[in-house]
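Chemist: Attaching a predicted model along with its sequence, questions to come.
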Amino acid sequence: MKMYLLGAANPEAVRMLHAVKRSTPNIEFAFLDNDPRKHDTLFYGVPVLGGSERVAELNGPDVSFVNLITGSTRLRYETTRQLVEAGARLGQFIHPGIDLSMIRMGQGNYLQEGVLMQAEVELGDNTSISAGSVVGHEGRIGHSVFMAPGVCIAGCVEIGDGTFIGTNATILPRLRIGRWVTIGAGAVVTRDVPDFSVVVGNPARIIKTNTVPYPDARVFK
């Protein structure tokens, strides 16, 4: 079994792949990166084989790909679409210490150590949740969402596609966060947030609008 990880940038991914290998010894990892300067190098001892252009060549029946790009949900969505269009099968890169019982999720998700998801959470495709974040019971998380470290989402919250949630942001129960929303670090969200909004502060307030040319962030069309 082989898994190729797109984005050789965060050394935490290397620590995490070693944890995955301890629980699944037959899996082999390598990186891809679209920066040519990283090609044919080692990233903390793990080879970087090239960029997205190698997907068709590397593909096979026991091969999967996961996107680790998280700095922009738009870029994450676009680069994952490139993988899928090249024929990639999306896998899951999930720390083995996470309890996934009573959780439903799609494909291509990247969940770091210490993520806590309560019962009946639903996760879409191509979503990334960083270390120490909490998703409360019956949450609905869309496609190509990113949560930075320490995010706290209370129960029964809906998060729309492509939303970016900054470090230590808090979202109160039973709220709806729209598509392509940006929630600033430390924000406390106390009411529903419309699509494409950028919100900051406590309580969170809209300061501007995101310009994104996509109606949603589904990677499988």
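Modeler: Done, it's in.
Chemist: in stretch 104-115, what's buried?
Modeler: Neighbour counts over stretch 104-115 (16 or more other CB atoms under 10 Å) mark 105, 106, 107, 108, 109, 110, 111, 112, 113, 114, 115 as buried. To be clear about C-beta, it is placed using only N, CA and C from the backbone, and glycine gets the same treatment.
Chemist: Name the nearest of the residues you listed relative to residue 35.
Modeler: residue 110 (18.9 Å; CB to CB).
Chemist: was I right about the closest one contacting residue 69?
Modeler: No. Counting by CB atoms under 8 Å, residue 110 does not reach residue 69; the two are 9.4 Å apart.
Chemist: Residue 205 bridge partners, please.
Modeler: In this entry, residue 205 is beta-bridged to residue 200, by DSSP bridges.
Chemist: where does it land on pLDDT?
Modeler: Looking at residue 205, its pLDDT stands at 98.
Chemist: ok, back up a step: which of the buried residues of stretch 104-115 sit farthest apart?
Modeler: Every pair in the buried residues of stretch 104-115 was compared (CB to CB); the two farthest apart turn out to be 107 and 114, at 22.3 Å.
Chemist: What distance do you get for residue 19 to residue 111?
Modeler: 12 Å (CB to CB, to the nearest Å).
Chemist: Overlap of the contact sets of those two?
Modeler: Counting by CB atoms under 8 Å, 6 or more residues apart in numbering, the contacts common to residue 19 and residue 111 are residue 95.
Chemist: residue contacts, the residue most central in space within the chain?
Modeler: A centroid search over the chain (CA atoms, centre = their mean) returns residue 128, at 1.7 Å, as the residue closest to the centre. Taking CB under 8 Å, 6+ apart, we find residue 128 in contact with 68, 70, 76, 109, 110, 111, 145, 146, 147.
Chemist: Pull the contacting residues for the closest residue to it other than its chain neighbours.
Modeler: Nearest residue to residue 128, sequence neighbours excluded (CB to CB, 6 or more residues apart in numbering): residue 110, at 4.2 Å. Listed by CB under 8 Å, 6+ apart, the contact partners of residue 110 are 66, 67, 68, 70, 93, 94, 127, 128, 129.
Chemist: No further queries at this time; thank you.
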